[in-house]
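Trainee: Dropping a prediction and its sequence here:
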Amino acid sequence: VFNDLKTLCALTDGNLSRHLAILQEAGLVEVWKGTKGKRPQTLVRITDPGRARFREYLNVLEHVIHDAVPAEPKAEPGPFRRGWSPA
């Protein structure tokens with residue numbers, strides 16, 4: 001539902017509408033507009049190609065994290081790190 005996405009993404013109505021339009025044009029999501037009672041309702045569903053692209057994106061993020069872990073400096077052994085001494 002549109003309002004749930006708006007809240008989760010911390011976007012305005014206009015920003016979310018524009019993002020969804022771009023994703024819909026790319027075939028990554030399907031958007032249905034209608035009413036529930038007298039209120040407008042927008043439903044969004046990820047498509048199979050959208051799901052595949054999202055999985056590719058997650059795979060790239062996993063590689064970034066994997067590559068960043070070895071680059072993290074190792075802690076000095078013992079109770080103090082380099083440059084620190086007991087007071």
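Mentor: That came through, no problem.

Trainee: And the strands in the chain?
Mentor: Ranges of strands in the chain, per DSSP state E, are 29-36, 39-46.

Trainee: Just checking: what are the partner strands of the last one?
Mentor: In its sheet, strand 39-46 lies beside strand 29-36 (antiparallel), with partners assigned from DSSP bridges.

Trainee: Now the strand it pairs with: buried residues?
Mentor: Judged by neighbour count (16 or more other Cβ atoms under 10 Å), strand 29-36 contains these buried residues: Val29. C-betas here are computed from N, CA, C, even on glycine.

Trainee: Let me know the average pLDDT across that strand.
Mentor: For strand 29-36, mean pLDDT is 94.

Trainee: So which residues make contact with that strand?
Mentor: Residues from elsewhere that reach strand 29-36 (Cβ atoms under 8 Å, 6 or more residues apart in numbering): Leu20, Leu23, Gln24, Pro40, Gln41, Thr42, Leu43, Val44, Arg45, Ile46, Thr47, Gly50.

Trainee: Can you turn the buried part of these into a PyMOL selection?
Mentor: Applying 16+ other Cβ under 10 Å to those leaves a buried subset, and the PyMOL line that selects it is:
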select buried, resi 20+23+42+44+50
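
Trainee: Output the contacts of strand 29-36 in a markdown table; the columns should cover pLDDT and distance to His66.
Mentor: Formatted as a markdown table, these follow (pLDDT from 0 to 100; distance: Cβ to Cβ, whole Å):
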| residue | pLDDT | distance to His66 |
| --- | --- | --- |
| Leu20 | 97 | 32 |
| Leu23 | 98 | 28 |
| Gln24 | 98 | 33 |
| Pro40 | 89 | 44 |
| Gln41 | 91 | 41 |
| Thr42 | 92 | 37 |
| Leu43 | 93 | 36 |
| Val44 | 94 | 31 |
| Arg45 | 96 | 31 |
| Ile46 | 97 | 25 |
| Thr47 | 98 | 28 |
| Gly50 | 98 | 25 |
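
Trainee: out of the strands of the chain, nearest to Thr12?
Mentor: Smallest distance to Thr12 across the strands of the chain (Cβ to Cβ): 14.2 Å, for strand 39-46.

Trainee: which other residues reach that closest one?
Mentor: Contacts of strand 39-46 (Cβ under 8 Å, 6+ apart): 1-2, 5, 20, 28-35, 54.
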